[in-house]
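In: my questions concern the predicted model and sequence given below.
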Amino acid sequence: MNTLKKFELMEKIVRELEDLQNSQQALIQKIGKIEVDNIELGDSRLEKDLPDIHQNLGDNLDTISGILDYFAGKTQNFGDKNNVEALKEQEAINNATS
């Protein structure tokens, strides 16, 4: 895999991790809303299980955020080290003259 293709794949993974992080945040918000609604309803099964689900989702979000920070930094460093902007410009020139 050439350097530019590798960088593009790394950027795609960063975007997917960002999407995963956003999805996880949305799940946490939904569970929170259900917990609030259940305060009025008082269902014992929901009272028992929802806090665990909320905690697990929060733990997953922390893990995803850590991976995202790590991999976004790695992607940026790879791009800087390999002068990806110059490679993109060269590819555009090559495509225009082909």
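Out: That came in fine, so what should we check first?
In: low-confidence ranges, this structure, go.
Out: The chain contains no residues with pLDDT under 70.
In: how about the helices in it?
Out: 3-41, 44-81, 84-97 (DSSP state H).
In: can you lay out those helices as a markdown table showing mean neighbour count?
Out: (Glycine included, C-beta is placed from N, CA and C.) A markdown table is the format used below for those (neighbours: other C-beta atoms under 10 Å):
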| stretch | mean neighbour count |
| --- | --- |
| helix 3-41 | 13 |
| helix 44-81 | 13 |
| helix 84-97 | 11 |
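In: run through who's touching stretch 41-57.
Out: Residues from elsewhere that reach stretch 41-57 (C-beta atoms under 8 Å, 6 or more residues apart in numbering): 24, 27-28, 31-32, 34-35, 38.
In: could you pull up the residues touching Lys74?
Out: Met10.
In: any idea how far it is from Leu57?
Out: Here Lys74 is placed at a distance of 26 Å from Leu57 (C-beta to C-beta, to the nearest Å).
In: can you check Asn2 too?
Out: 39 Å.
In: and if you look at Asn94?
Out: 46 Å.
In: what's the nearest residue to Lys6 if we skip its chain neighbours?
Out: Phe78 (7.4 Å; C-beta to C-beta, 6 or more residues apart in numbering).
In: go on, Leu68?
Out: Leu17 is the one closest to Leu68 (C-beta to C-beta, 6+ apart), at 4.3 Å.
In: my read: that neighbour touches Leu61, true?
Out: No: contact between Leu17 and Leu61 fails when scored by C-beta atoms under 8 Å: they sit 11.7 Å apart.
In: how far away from the center of its chain is stretch 19-28?
Out: For stretch 19-28, the gap between its own C-alpha mean and the chain's C-alpha mean amounts to 8 Å (C-alpha atoms, centre = their mean, to the nearest Å).
In: check stretch 15-33 too.
Out: That offset, for stretch 15-33, works out to 9 Å (C-alpha atoms, centre = their mean).
In: kindly export it (C-alpha atoms) in CSV.
Out: Provided in CSV are the C-alpha atoms of stretch 15-33 (Å, rounded to 0.1, in the frame of the first residue of the first chain):
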residue,chain,number,x,y,z
ARG,A,15,-13.9,9.3,10.9
GLU,A,16,-15.4,5.9,11.7
LEU,A,17,-14.1,6.2,15.3
GLU,A,18,-15.6,9.7,15.5
ASP,A,19,-18.9,8.3,14.3
LEU,A,20,-18.7,5.5,16.8
GLN,A,21,-18.0,8.0,19.6
ASN,A,22,-21.1,10.1,18.5
SER,A,23,-23.2,7.0,18.4
GLN,A,24,-22.1,6.0,21.9
GLN,A,25,-22.9,9.5,23.2
ALA,A,26,-26.4,9.2,21.7
LEU,A,27,-26.9,5.8,23.4
ILE,A,28,-25.9,7.3,26.8
GLN,A,29,-28.4,10.1,26.3
LYS,A,30,-31.2,7.7,25.4
ILE,A,31,-30.5,5.6,28.4
GLY,A,32,-30.5,8.7,30.6
LYS,A,33,-33.9,9.7,29.2
